[in-house]
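Chemist: can't give you the sequence, but here's the structure:
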């Protein structure tokens with residue numbers, strides 16, 4: 001296939017895994033049984049991704065509590081009453097709050113990479129959470145004897161080590177989930193918060209070589225949880241000029257659900273540099289209908305009429321279940337949508353003579 005195509009990350013967990021997670025919290029399932037349930041879900045996910053025809057796969061985030069909070073597993077210096085993220089349908093998600101120094105990751109992404117590579121010989125893509133998202137853990141009131149500056153220094157170290165762990169474990173590509181980028185413009189229309197997020201993430205990226213940064217990408221979308229979003233009403237035009245200041249080689253952009261794709265694609269075309277590959281979303285994970293390969297092909301050809309084909313890839317707008325308890329999309333629907341993306345992208349490549 002001449003046009004690259006990659007999924008964003010999360011796949012809905014099988015019912016057996018969700019049941020085991022509830023039972024484990026209730027104390028009726030042992031740690032060994034829980035680990036076995038995780039392994040079964042991971043194995044099944046990778047097998048089904050193989051069956052979609054994907055040439056690069058992920059672990060489906062089967063063993064993460066969420067795309068954002070996996071580094072916090074096992075930490076004892078957190079309180080549950082952190083930043084609240086409201087969604088358009090009225091439901092919310094709440095981040096923890098750091099209560100004491102120092103900030104360290106409890107789990108690194110490389111552990112997920114190693115586990116997944118036991119079940120595949122295909123190239124593996126590893127999703128990681130952005131440093132900017134985790135910067136929201138630090139409370140506005142501060143922490144005694146632990147300044148925000150000291151926290152950010154620790155955070156940069158930990159976030160860089162997280163990406164490094166995935167690369168060292170064998171990940172072909174690392175994707176930074178930066179869904180708070182669009183949300184930041186809703187919280188601060190001046191763009192100052194967004195620019196501070198960009199600067200923080202670039203300090204992490206400065207720890208990598210130019211060649212390594214070509215294997216690192218960033219994903220943005222208006223959020224996707226329980227079939228709702230947190231910032232779909234924020235105009236891409238306010239986001240993209242700053243987003244393309246990130247020192248990465250790959251950009252994964254929600255596009256399938258965008259009301260005026262051509263307008264946004266033309267903005268991307270103006271910002272594109274020679275070392276960039278842009279993966280446009282051609283699948284809407286929260287739409288109940290499964291796209292056809294023909295629909296995907298049409299979306300790819302639309303993007304190819306505006307962006308250089310050599311710098312074009314396809315993806316899904318968002319993960320299918322960024323939080324473990326999100327069952328709004330059926331597991332089999334997610335795999336059918338992924339297969340449609342793969343087949344539709346290949347169809348478009350043939351029509352483009354590639």
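Modeler: Good, I have the coordinates. Quick caveat, the model's predicted, so the values are computed rather than measured.
Chemist: from here on, just use CA atoms for contacts and neighbour counts.
Modeler: OK.
Chemist: low-confidence ranges in the stretch 151-300 of the chain?
Modeler: Counting by pLDDT under 70, the stretch 151-300 of the chain has low-confidence residues at 228.
Chemist: do a quick rundown of the strands in it.
Modeler: Secondary structure of the stretch 151-300 of the chain by DSSP state E, counting those that start in this stretch: the strands cover 173-177, 216-220, 250-253, 277-283.
Chemist: what distance separates the third one from the centre of its chain?
Modeler: What it means is strand 250-253. Here the centre of strand 250-253 is set off from its chain's centre by 10 Å, with C-alpha atoms, centre = their mean, to the nearest Å.
Chemist: who does it pair up with?
Modeler: Strand 250-253 pairs in its sheet with strand 216-220 (parallel), strand 277-283 (parallel), by DSSP bridges.
Chemist: I'd like the ones you listed as CSV, with mean neighbour count and distance to residue 89 appended.
Modeler: What follows is the strands paired with strand 250-253, written out as CSV (neighbours: other C-alpha atoms under 10 Å; distance: least, C-alpha to C-alpha, whole Å):
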stretch, mean neighbour count, distance to residue 89
strand 216-220, 24, 20
strand 277-283, 28, 21
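Chemist: distance to residue 60 added to those strands, as a markdown table?
Modeler: Below are the strands paired with strand 250-253 laid out as a markdown table (distance: least, C-alpha to C-alpha, whole Å):
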| stretch | distance to residue 60 |
| --- | --- |
| strand 216-220 | 15 |
| strand 277-283 | 16 |
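Chemist: redo the strands of the stretch 151-300 of the chain as TSV? Include distance to residue 68.
Modeler: Converted to TSV, those look like this (distance: least, C-alpha to C-alpha, whole Å):
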stretch	distance to residue 68
strand 173-177	8
strand 216-220	13
strand 250-253	17
strand 277-283	21
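Chemist: and the ones you listed: which comes nearest residue 153?
Modeler: strand 173-177 (18.6 Å; C-alpha to C-alpha).
Chemist: give the pairing partners of that closest one; include direction for each.
Modeler: Paired strands of strand 173-177, with direction, are strand 125-129 (parallel), strand 216-220 (parallel) (DSSP bridges).
Chemist: how about those strands in a markdown table, adding distance to residue 90?
Modeler: Shown next, in a markdown table, are the strands paired with strand 173-177 (distance: least, C-alpha to C-alpha, whole Å):
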| stretch | distance to residue 90 |
| --- | --- |
| strand 125-129 | 24 |
| strand 216-220 | 21 |
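Chemist: closest one to residue 78 among the strands of the stretch 151-300 of the chain?
Modeler: The minimum distance between residue 78 and those falls on strand 173-177, with 21.7 Å, by C-alpha to C-alpha.
Chemist: give me the contacts around the closest one.
Modeler: Strand 173-177 is contacted from outside by 67, 124-130, 163, 166-167, 215-220, using C-alpha atoms under 8 Å, 6 or more residues apart in numbering.
Chemist: in stretch 119-131, what's buried?
Modeler: 119-120, 123-131 (16 or more other C-alpha atoms under 10 Å).
Chemist: distance to residue 143 and pLDDT added to those residues, as a markdown table?
Modeler: Listed next are the buried residues of stretch 119-131 as a markdown table, based on distance: C-alpha to C-alpha, whole Å; pLDDT from 0 to 100:
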| residue | distance to residue 143 | pLDDT |
| --- | --- | --- |
| 119 | 43 | 97 |
| 120 | 44 | 96 |
| 123 | 42 | 97 |
| 124 | 39 | 97 |
| 125 | 36 | 97 |
| 126 | 32 | 97 |
| 127 | 30 | 96 |
| 128 | 26 | 97 |
| 129 | 23 | 96 |
| 130 | 22 | 96 |
| 131 | 19 | 97 |
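Chemist: who's in contact with residue 48?
Modeler: So residue 48 contacts residue 335 (C-alpha under 8 Å, 6+ apart).
Chemist: off-centre distance for whatever helix or strand it lives in?
Modeler: Using DSSP states H and E, residue 48 sits within helix 31-51. In terms of C-alpha atoms, centre = their mean, the centre of helix 31-51 is found 20 Å from the chain centre.
Chemist: now do stretch 256-276
Modeler: Centre-to-centre, stretch 256-276 and its host chain are 19 Å apart (C-alpha atoms, centre = their mean).
Chemist: can you verify my assumption that residue 277 contacts residue 253?
Modeler: No. Under the criterion of C-alpha atoms under 8 Å, residue 277 makes no contact with residue 253, lying 10.8 Å away.
Chemist: count of neighbours near residue 94?
Modeler: 12 (other C-alpha atoms under 10 Å).
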